[in-house]
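Trainee: Would you be able to build a 3D model of this:
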Amino acid sequence: MTNVKVEFPGLPETLQHLRRYEPDLYKQIAEDLKTAAEPLARVVGSKFPQQPLERWHKSGDRRGKSRMPPYKASAARAGVKPIINTNPRPRGIGNEVGILRLEQRNAGGQVFDSAGSANPSARFVMNLDKHRAIKSAGNGFRSRILFPAAKAQMSMIEVAVRRAIEKHDSIVQAKIVEGF
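Mentor: This is a model prediction of the structure:
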């Protein structure tokens, strides 16, 4: 699995302590991080195609044997949302704590972005991959839009996190000094 990693040394630990001892300040910082990442979510969301497959239905409930959700470009684009990690426990590769991620909250957009199969030669997967640089690789990690677009916008990620941190820097420093 490939990860996009931007390091802010000490930030996860600081946020864990704030969450425990200053929950109101923690909530405000989390909201500011989310607000600062909204432009990034819009840029990444804009990369979702107008119509990925010719006969993918655009309205109604899930259809057919596979129970496919509808794909509406506007909903898929608006479905990319910044999510703040509120779990202080390390998870994932290297037991690191992530603080911000982008998530596709629209079912049709999520299917388009990450659908795959144990058999990469399945017709649906081949059709989705046909015009994409990122191809399905079996049971492994895949993202046709979200990961590559977020990785291409690393500078926006760094600016969003720095902006939210700088806004509360003096308050956080005063609270840290107060604790010693």
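Trainee: what about residue 169, which SS state?
Mentor: In the three-state summary, residue 169 is assigned as helix, counting by DSSP: H, G, I helix; E, B strand; the rest coil.
Trainee: and it, how many neighbours?
Mentor: Residues lying near residue 169 (other C-beta atoms under 10 Å) number 11. Placement of C-beta: from N, CA and C, glycine included.
Trainee: cool, residue 170 as well?
Mentor: Close neighbours of residue 170, defined as other C-beta under 10 Å, add up to 9.
Trainee: Quick one, grab the pLDDT at it.
Mentor: pLDDT, residue 170: 76.
Trainee: cool, residue 96 as well?
Mentor: pLDDT for residue 96: 60.
Trainee: pretty sure residue 49 contacts residue 73?
Mentor: Yes - with contact defined as C-beta atoms under 8 Å, residue 49 reaches residue 73; the gap is 6.8 Å.
Trainee: Compare those two (neighbour count), which wins?
Mentor: Here residue 49 and residue 73 are set side by side on neighbour count (other C-beta under 10 Å), and the busier one is residue 73, at 18 against 15.
Trainee: hang on, isn't that one packed against residue 48?
Mentor: Yes - the pair residue 73 and residue 48 passes the contact test of C-beta under 8 Å, sitting 6.2 Å apart.
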